[in-house]
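Engineer: Fold the following and give me the result.
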Amino acid sequence: MATFAQSGSRWLRRPNPDIEEALSCLRQIDENARRAGDIIRNFRELTRIEQVERRTSLDLKKLTQEAIAIVNFGEYSGKVEIQRAMGGEYP
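Structural biologist: As a prediction, the model looks like this:
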């Protein structure tokens, strides 16, 4: 998210600011913040004491994909390499 914020600032500080590019950066920040909030909220629900006492199904493949989506912006800057190996079916 910080990368998008910095990029948006650069678009606005140009001699001819590009508002559309800056808005695109803000949309990316919003999407990533919402996704991160959803993951944190789901994790908190799983760790509540009353929830731990009963069995809960968890889609690890979906959780992994959501986590990867949050850090996915790093791939564009060449600073993060993500390798995925999710073969087979999950219970």
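Engineer: What separation is there between Ser57 and Leu63?
Structural biologist: From Ser57 across to Leu63, the span is 12 Å (Cβ to Cβ, to the nearest Å). Any C-beta I mention is one placed from the backbone N, CA and C, and that applies to glycine too.
Engineer: The two: who's more crowded?
Structural biologist: Leu63 (14 against 6; other Cβ atoms under 10 Å).
Engineer: isn't that one right next to Ile39, touching?
Structural biologist: Yes: using Cβ atoms under 8 Å, Leu63 makes contact with Ile39 at a distance of 7.3 Å.
Engineer: Near Ala33, how many other residues are there?
Structural biologist: Neighbours around Ala33, by other Cβ under 10 Å: 12.
Engineer: buried sites along the longest helix anywhere in the chain?
Structural biologist: Longest helix of the chain, by residue count under DSSP state H: helix 19-47. Going by neighbour count (16 or more other Cβ atoms under 10 Å), the buried part of helix 19-47 is 22, 25, 28-29, 32.
Engineer: could you give the mean pLDDT of that helix?
Structural biologist: Averaged over helix 19-47, pLDDT sits at 88.
Engineer: That helix packs against which elements?
Structural biologist: If you count contacts as 3 or more Cβ pairs under 8 Å, 6 or more residues apart in numbering; DSSP states H and E, helix 19-47 packs onto helix 2-13, helix 60-71.
Engineer: If you average the pLDDT over the first one, what comes out?
Structural biologist: Per-residue confidence for helix 2-13 averages out to 91 on the pLDDT scale.
Engineer: For Lys62, give its distance to Ile40.
Structural biologist: Here Lys62 is placed at a distance of 15 Å from Ile40 (Cβ to Cβ).
Engineer: Before I go, just wanted to say thanks for your time.
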